[in-house]
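1. Need coordinates for the following:
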Amino acid sequence: AWPTSCFARGRRLRRRDTSKLFSEILPRAPRRESTSRTPAQPSLDYEDRSADLRPNEMDLRRRATVRWAGRDHVFHGEFGEGGTVDIDSASAAGPSPMEALLLSLGGCMAVDILDILEKGRVSVDRLEVEVEGDRAPDPPRRYTSLRLTVRLDGPQERERGKVERAVQLSREKYCSVFHTLRPDMDVEIRISALEG
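-> Prediction:
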């Protein structure tokens, strides 16, 4: 098993001298103000194909419709070309709206990570992203902190740097959901190997 990495906002830990576990805390990238200067692109240890991830103009607008199902707080969501999902505040018929947000964040980062690793020629057999959120006790009861655990099976120990870089690029550059969240939210991301 290869070690666990940890990315978080605002703190830094030393790497532990152990073959089974290390933790390295990286600060969350601050939001850039719009300037006339072109921001520096992150350096990659493999061919930079970031242009492949850029959407065309037709991909820049999204639309979804939510209709009440006629019972309790259950709603039918419609999106894309006929896709559907049920949303339920009781988390019975489907995820609650706040759980759907966690799924959206985890799914968005998972897509980024997988795409970047595939372009970096890193073999991935399994990938999962677990997302936990802590909510404020008073309305609007927004998430005040999030913890993401990225678990992978397939990458070799020598490719650990590419895995960490893929997570960092998703967080700092590519994940649309992450960058839609409030910038003052405390977010921590861990990376570990999938067991079994």
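2. Okay, helices next: where are they in this structure?
-> Counting by DSSP state H, one finds helices in the chain at the ranges 97-119, 160-169, 176-180.
3. and of the ones you listed, who's closest to residue 130?
-> Ranking the helices of the chain by proximity to residue 130 (C-beta to C-beta) places helix 97-119 first, at 7.1 Å. In this view, the C-beta of every residue, glycine as well, is placed from N, C-alpha and C.
4. Show me what that closest one is packed against.
-> Helices and strands touching helix 97-119, by 3 or more C-beta pairs under 8 Å, 6 or more residues apart in numbering; DSSP states H and E, are strand 83-88, strand 126-135, strand 143-153, helix 160-169, helix 176-180.
5. With only the CA atoms kept, save the last one in PDB.
-> Coordinates of the C-alpha atoms in helix 176-180 are reproduced here as PDB (Å, rounded to 0.1, in the frame of the first residue of the first chain):
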ATOM      1  CA  SER A 176     -15.900  23.900 -11.400                       C
ATOM      2  CA  VAL A 177     -18.000  22.800  -8.400                       C
ATOM      3  CA  PHE A 178     -15.100  23.500  -6.000                       C
ATOM      4  CA  HIS A 179     -14.600  27.000  -7.400                       C
ATOM      5  CA  THR A 180     -18.300  27.700  -7.100                       C
END
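6. Just give me how far that helix sits from the chain centre.
-> Relative to the centre of its chain, helix 176-180 is centred 8 Å away, using C-alpha atoms, centre = their mean, to the nearest Å.
7. contacting residues around it?
-> Outside of helix 176-180, the residues that reach it under the criterion C-beta atoms under 8 Å, 6 or more residues apart in numbering are 101, 104, 105, 107, 108, 109, 170, 171, 187.
8. Identify, from those residues, the entry nearest to residue 72.
-> Out of these, the member with the shortest distance to residue 72 (by C-beta to C-beta) is residue 101, at 20.1 Å.
9. ok, the closest one - how many residues close by?
-> The tally of other residues near residue 101 (other C-beta atoms under 10 Å) stands at 19.
10. ok so, going back, any idea which of the helices of the chain gets closest to residue 146?
-> Comparison of the helices of the chain against residue 146 by C-beta to C-beta identifies helix 97-119 as nearest, at 7.2 Å.
11. For residue 69, give me its contacts.
-> With contacts defined as C-beta under 8 Å, 6+ apart, the neighbours of residue 69 are 75, 76, 86, 93.
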